[in-house]
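1. here is a sequence with its predicted model. Questions after.
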Amino acid sequence: MSSVNQIYIAVLGAGGVGRHFLSQLSVLSHKFPNISLVLISRSTKSLRASHRTTPLSLETWEKDLNESTSPALTVTQTLKFLGELPDKRVLVDNTSSQDVADSYPAFLKQGISVVTPNKKAFSSTMDLWTSIQESSYRPYAPYLSYGLMYHESSVGAGLPIISTLTDLIATGDTVRRIEGVFSGTLSYLFNNFAPADGSAKGGTWSDEVRKAKEAGFTEPDPRDDLNGVDVARKLVILARMVGVPVEGTGSFPVQSLIPAELERVGSAEAFMERLGEFDKRMDEVRNEAVREGKVVRFVGRVDVEAKALKVGLEKLDKAHPIAGLEGSDNIVSFYTERYVDNPLVVRGAGAGGAVTAMGVTADLIKVIQRVS
Ligand SMILES: NC(=O)C1=CN([C@@H]2O[C@H](COP(=O)(O)OP(=O)(O)OC[C@H]3O[C@@H](n4cnc5c(N)ncnc54)[C@H](OP(=O)(O)O)[C@@H]3O)[C@@H](O)[C@H]2O)C=CC1
Ligand SMILES: N[C@@H](CC=O)C(=O)O
Ligand code: NA
């Protein structure tokens with residue numbers, strides 16, 4: 001496993017996204033035999049390859065990890081472990097950990113590339129955002145030998161949202177407005193609970209929340225979806241990319257769908273148990289839109305010129321493209337100097353392990369191609 005062309009990969013997180021990523025990595029390893037999986041870690045356990053000898057098995061990793069008695073590595077231990085390996089190293093962060101996100105600048109400065117669907121690094125403080133920009137590879141400062149940073153799946157899962165916006169900016173377009181449905185969970189909930197054709201195919205609101213969690217669409221704690229913060233994080237990422245210096249998700253209006261009575265409930269499980277008590281409120285939200293001949297959907301908007309962001313419920317005409325979404329679809333419309341009246345639109349499944357991992361794997365391929 002030790003050769004100059006070897007690319008060493010450490011994977012943190014083996015949950016809904018992480019497992020799909022590891023299965024996609026297994027397919028990828030046939031095309032890129034120079035890939036060496038050297039670390040897999042969950043929150044409590046880890047599995048490490050002996051340095052430069054035998055990589056971890058992509059066929060038996062799950063059993064091997066279950067049988068491992070090694071605890072999870074701290075961020076500092078992970079940095080040291082990867083730091084001792086030669087040149088080409090990639091950290092794949094499939095967790096939603098803020099600690100791991102906070103450490104990206106340290107990895108990048110050591111020349112370790114980072115790919116991730118974790119939104120926290122790009123939507124927390126402006127300081128962290130700036131530090132990541134300053135610590136990642138820049139073509140005009142190649143002498144710094146910093147790592148590459150890719151995070152396509154942090155917005156719209158595997159849909160090409162980050163790459164599209166990056167290309168629009170890099171080619172000199174001016175983005176004026178970005179709007180759409182940015183939550184796979186909330187899309188799924190409203191598409192089933194309040195379909196545009198009025199059919200009553202869905203269950204109660206709390207039933208649908210349970211199904212969205214089981215389908216792997218929600219955040220580890222579904223309250224992070226229902227309180228609008230997940231959508232707010234995605235808007236912060238896009239707004240910062242187009243130069244709007246949003247301080248964080250608390251600096252603009254974000255509507256929460258969490259009943260006030262449940263705001264102080266401790267665990268996600270206890271919250272889910274009590275959510276059904278408030279189903280009638282969501283029935284009323286849906287019925288009010290129906291009485292007006294409309295549908296209700298959870299929408300995010302970035303007005304670049306006004307530097308204004310907004311997240312919340314909107315009543316829309318049934319003919320609106322957002323009203324016609326299905327499943328866990330996201331739809332993101334970019335209005336720019338070039339795409340004036342007819343926006344550049346990206347649409348498709350916006351949550352779920354397989355489609356999210358696809359964005360992570362595609363990012364990894366970009367890193368491999370650039371460092372090889
Ligand atoms: N699910 C989706 O549709 C999408 C998810 N994302 C993002 O992808 C990321 C992963 O989501 P998902 O897979 O659904 O979440 P899960 O909760 O299913 O998995 C998270 C994994 O991270 C592990 N973990 C947590 N903290 C650490 C740590 N410090 N070190 C090592 N491992 C750790 C957990 O360990 P353990 O197994 O022990 O609990 C678990 O394996 C999140 O950031 C999410 O926001 C982005 C787009 C879409
Ligand atoms: N929980 C998120 C997952 C993807 O970002 C969502 O539902 O969109
Ligand atoms: Na994406």
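-> Happy to help now that I have it. Numbers count the residues shown, from 1 in each chain. Ligands and ions are numbered 1, 2, ... in the order given.
2. what residues sit buried inside the helix or strand encompassing residue 207?
-> Element membership for residue 207, per DSSP states H and E: helix 205-214. When burial is assessed from 16 or more other C-beta atoms under 10 Å, helix 205-214 yields the following buried residues: 205, 206, 208, 209, 210, 211, 212, 213. C-betas here are computed from N, CA, C, even on glycine.
3. count the residues that sit near residue 305.
-> 10 (other C-beta atoms under 10 Å).
4. no no, residue 143
-> Burial of residue 143 is recorded as 6 neighbouring residues (other C-beta under 10 Å).
5. need the pLDDT of it.
-> Looking at residue 143, its pLDDT is 76.
6. of the buried residues of helix 205-214, list those near ligand 2.
-> Filtering the buried residues of helix 205-214 for proximity to ligand 2 by C-beta under 6 Å from any ligand atom leaves nothing.
7. tell me which residues are up against the helix holding residue 207.
-> Contacts of helix 205-214 with the rest of the structure, by C-beta atoms under 8 Å, 6 or more residues apart in numbering, involve 185, 188-189, 192-193, 202-203, 218, 222, 225-226, 272, 275-276, 278-279, 282-283, 328.
8. do stretch 120-139 as well
-> Residues contacting stretch 120-139 (C-beta under 8 Å, 6+ apart): 96-98, 101-102, 104-105, 108-109, 113-114, 144-149, 151, 154, 232-234, 236-237, 240, 245-249.
9. now, these that are in helices?
-> 98, 101-102, 104-105, 108-109, 232-234, 236-237, 240 (DSSP state H).
10. farthest-separated two in those residues?
-> 109 and 232 (28.8 Å; C-beta to C-beta).
11. same drill for these two, tell me which one is more crowded.
-> residue 232 (27 against 17).
12. count the neighbours of the nearest residue to that one once chain neighbours are set aside for me.
-> Nearest non-adjacent residue to residue 232, counting by C-beta to C-beta, 6 or more residues apart in numbering: residue 249, 3.9 Å away. Using other C-beta under 10 Å, the number of residues around residue 249 comes to 22.
13. again with residue 315
-> Neighbour count of residue 315, defined by other C-beta under 10 Å: 16.
14. how about the residues of the protein by ligand 3?
-> 152, 156, 159, 161 (C-beta under 5 Å from the ion).
15. can you list the weak-confidence ranges in the protein?
-> For the chain, residues meeting the criterion pLDDT under 70 lie at 1-4, 51-52, 200.
16. in it, which spans are strands?
-> Using DSSP state E, the strands of the chain run over residues 7-12, 35-41, 45-48, 70-71, 89-93, 113-115, 149-150, 175-181, 294-303, 308-317, 329-336, 344-349.
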